[in-house]
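Visitor: Please find the sequence and the predicted model below.
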Amino acid sequence: MDEEKFTKGFNSGYLLEKNDPERFKLIVEGTSGNSDYIEGLKEGSREYKMEIYQQRMKDHADKKRKEQEKDPDRGR
């Protein structure tokens, strides 16, 4: 595996998914094969999505904790 190409793809995929997910989708759908760059592109996109998911879960847990602090009997 060419680590440099993978890393460049990863960084591009992360930024594309963050800033222009529709363009990312078009690029991936328009490519064939699995070069190191393309694999990095896909992995970068997955990483961004995972970070967003984890942040949403944390925000949800924080919200529930704050609600319980305001009303300790809530949720029982």
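Guide: Right, received. Where do you want to start?

Visitor: tell me which element Gly33 falls in.
Guide: Per DSSP states H and E: Gly33 is located in neither a helix nor a strand.

Visitor: Would you mark the buried spots in the helix with the most length in the chain?
Guide: If you go by DSSP state H, the chain has its longest helix at helix 36-70. Going by neighbour count (16 or more other C-beta atoms under 10 Å), the buried part of helix 36-70 is 36-45, 48. C-beta coordinates here come from the backbone N, C-alpha and C atoms, glycine included.

Visitor: Including pLDDT and distance to Met1, could these go into JSON lines?
Guide: Shown next, in JSON lines, are those (pLDDT from 0 to 100; distance: C-beta to C-beta, whole Å):
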{"residue": "Asp36", "pLDDT": "96", "distance to Met1": "5"}
{"residue": "Tyr37", "pLDDT": "95", "distance to Met1": "11"}
{"residue": "Ile38", "pLDDT": "94", "distance to Met1": "12"}
{"residue": "Glu39", "pLDDT": "95", "distance to Met1": "8"}
{"residue": "Gly40", "pLDDT": "96", "distance to Met1": "9"}
{"residue": "Leu41", "pLDDT": "95", "distance to Met1": "14"}
{"residue": "Lys42", "pLDDT": "95", "distance to Met1": "14"}
{"residue": "Glu43", "pLDDT": "97", "distance to Met1": "12"}
{"residue": "Gly44", "pLDDT": "98", "distance to Met1": "15"}
{"residue": "Ser45", "pLDDT": "97", "distance to Met1": "18"}
{"residue": "Tyr48", "pLDDT": "98", "distance to Met1": "21"}
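
Visitor: now, which of the residues you listed sits nearest Lys25?
Guide: Ser45 (9.1 Å; C-beta to C-beta).

Visitor: Quick check: closest non-adjacent residue to Arg23.
Guide: Nearest residue to Arg23, sequence neighbours excluded (C-beta to C-beta, 6 or more residues apart in numbering): Leu16, at 6.0 Å.

Visitor: Fine, thanks again, bye for now.
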